[in-house]
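K.L.:
Build me a model from this:
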Amino acid sequence: MSSKIANGWGDNLWPPFTQIASAPSPENVVAGEKALLILENSPPLIDAISSWWVTLHGHANPYISAAISNQAKSLEQVIFADFTHPQAKKLAHRLSEATGLQRLFFSDNGSTAVEVALKIACQWWHNQNEPRSQVIAFEGAYHGDTFGAMALGERNLFNAPFEDKLFPVKRVSWPATWWGDETFEAREKESLNQLEKFLETPTAVVIIEPLVQGAGGMAMVRESFLQSVEKLVRQSNALLIADEVLTGFGRSGSLFAYQRAGIKPDLVSLSKGLTGGFLPMGVTMAREEIYKAFIGEDPKLTLWHGHSFTANPLGCAAANASLDLLEKYPERYTKFEHRHKRHLEELWKHPKVTKPRLLGTIAAFDINVDKKEGYLNPAGRTVKTKAISKGVYLRPLGQVIYLLPPLCLDDSQLEQCYTAIQAGLNEL
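P.N.:
A predicted model of the protein is given here:
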């Protein structure tokens, strides 16, 4: 095998979202410690994006590690179709209390949590003998890489080979805003007019990423806009899904972004920070009224969906331990926005920085670029390379630079992140 094909990954690995022909060779991570990645042949790196947004409390958190270890000594896995177990019941009760949604369906990851929500929403109408086929999503959205989730997301190079296999979705513009934006009102009005027009057709479900589209470029909208969206959805009698795979568990500065926005979805998809980043797990929360439509003597009412590792006891133990930490230290996520603010304000003075925005633990901005904006814009790679040389790991979204660090990041490490970004911008 040629060195270009292997490129540091060896003869067997096939990494995600990576073009091997042009990607640099990967570093070997031998350990993690709080906000740090410990590398085999290089100095430690601050994990400034929480390892794809999952590592909520930091790497190798001893409290969560102990919870998993203790659970493994008694029960590691059991089929969840005929049995339940204490960790699952405890987690379901806690998430019901936290979300205000009474029913929890387990799956494996963020994409499947969205798939479950979508299937529930569509079958809910079918079970009531009122099948509705129209689905509405927002431009720029990303909901995962399984087929239903791909269909909901923005059509782009990531899913182009499968275009003819994806079901049709009506798309509403996403009126993203930023500090100093004076044009948001017109864009919000246009978006709401589009939504209202689409909702004239009986609609099964509308799906949103509340307050921020993550993979779509950390594109943020105002709380009042989502309140207007909810009002139109309610008037149409459609269901509303909140995809909180990224924003859940404190990332928005509140426990859930829809709560900060002041809306009440019918279904909520959760993953990423659910287990503190320790184990893969997804859940879909649903209103009790929706759940009841699947209960009856007719087998056709059943939600025929499941995963082998549904409600895995180790994952449930990790999730319960993570919730313990969120409940014990809420200031770690409620005050992170304030910690970001002064650094982002200072960075805004740089001539290459445009459209700064901030939500909870998420700080983002665009690089002022000459070339076409988008995921393939090379400007972010330049900043990334320089930041790594300064001890900070970033993974920009094209020309969008963002920080989404673990809650354990201390003030000196946060300052180091912004210093590294500044150095990267100076390389452009």
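
K.L.:
what residues are up against Ile241?
P.N.:
114, 117-118, 121, 205-208, 265-269 (Cβ atoms under 8 Å, 6 or more residues apart in numbering). Using the backbone N, CA and C atoms, a C-beta is placed for each residue, glycine as well.

K.L.:
Which residue ranges make up each domain of this structure?
P.N.:
Annotated domains of the chain cover 3-62+335-426, 75-328 [automatic domain parsing].

K.L.:
Distance check, Leu325 against Met285.
P.N.:
20 Å (Cβ to Cβ, to the nearest Å).

K.L.:
er, Leu409 I mean
P.N.:
28 Å.

K.L.:
Between those two, which has more neighbouring residues?
P.N.:
Met285 (27 against 24; other Cβ atoms under 10 Å).

K.L.:
Per-residue pLDDT of the residue nearest to that one when sequence neighbours are not counted, please?
P.N.:
In space, and not counting its chain neighbours, Met285 is closest to Leu101: 3.9 Å by Cβ to Cβ, 6 or more residues apart in numbering. pLDDT for Leu101: 98.

K.L.:
so Leu101 touches Val268, yeah?
P.N.:
Yes. Counting by Cβ atoms under 8 Å, Leu101 touches Val268, with 6.1 Å between them.

K.L.:
so what's in contact with these two at the same time?
P.N.:
With Cβ under 8 Å, 6+ apart, Leu101 and Val268 have common neighbours Met285.

K.L.:
So for these two, which sits in the more crowded spot?
P.N.:
Val268 (29 against 22).

K.L.:
Output stretch 317-333 as PDB, nothing but the C-alphas.
P.N.:
Once non-C-alpha atoms are left out, stretch 317-333 reads as follows in PDB (Å, rounded to 0.1, in the frame of the first residue of the first chain):
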ATOM      1  CA  ALA A 317     -24.400   4.800  34.500                       C
ATOM      2  CA  ALA A 318     -22.200   7.300  32.700                       C
ATOM      3  CA  ALA A 319     -25.200   9.500  31.900                       C
ATOM      4  CA  ASN A 320     -26.400   9.400  35.500                       C
ATOM      5  CA  ALA A 321     -23.000  10.300  36.700                       C
ATOM      6  CA  SER A 322     -22.700  13.200  34.200                       C
ATOM      7  CA  LEU A 323     -26.100  14.500  35.300                       C
ATOM      8  CA  ASP A 324     -24.800  14.400  38.900                       C
ATOM      9  CA  LEU A 325     -21.900  16.700  37.900                       C
ATOM     10  CA  LEU A 326     -24.200  19.100  36.100                       C
ATOM     11  CA  GLU A 327     -26.500  19.300  39.100                       C
ATOM     12  CA  LYS A 328     -23.600  19.800  41.500                       C
ATOM     13  CA  TYR A 329     -21.800  22.400  39.500                       C
ATOM     14  CA  PRO A 330     -24.300  24.300  37.300                       C
ATOM     15  CA  GLU A 331     -22.100  27.400  37.300                       C
ATOM     16  CA  ARG A 332     -19.700  25.600  35.000                       C
ATOM     17  CA  TYR A 333     -22.100  25.900  32.100                       C
END
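
K.L.:
List the buried residues for that stretch?
P.N.:
Ala317, Ala318, Ala319, Asn320, Ala321, Ser322, Leu323, Leu325, Leu326, Arg332, Tyr333 (16 or more other Cβ atoms under 10 Å).

K.L.:
export those residues to TSV and tack on distance to Asn127, pLDDT and secondary structure?
P.N.:
Listed next are the buried residues of stretch 317-333 as TSV, based on distance: Cβ to Cβ, whole Å; pLDDT from 0 to 100; DSSP: H, G, I helix; E, B strand; the rest coil:
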residue	distance to Asn127	pLDDT	secondary structure
Ala317	34	99	helix
Ala318	34	98	helix
Ala319	29	99	helix
Asn320	32	99	helix
Ala321	36	99	helix
Ser322	34	98	helix
Leu323	32	98	helix
Leu325	39	98	helix
Leu326	35	98	helix
Arg332	42	98	helix
Tyr333	38	98	helix
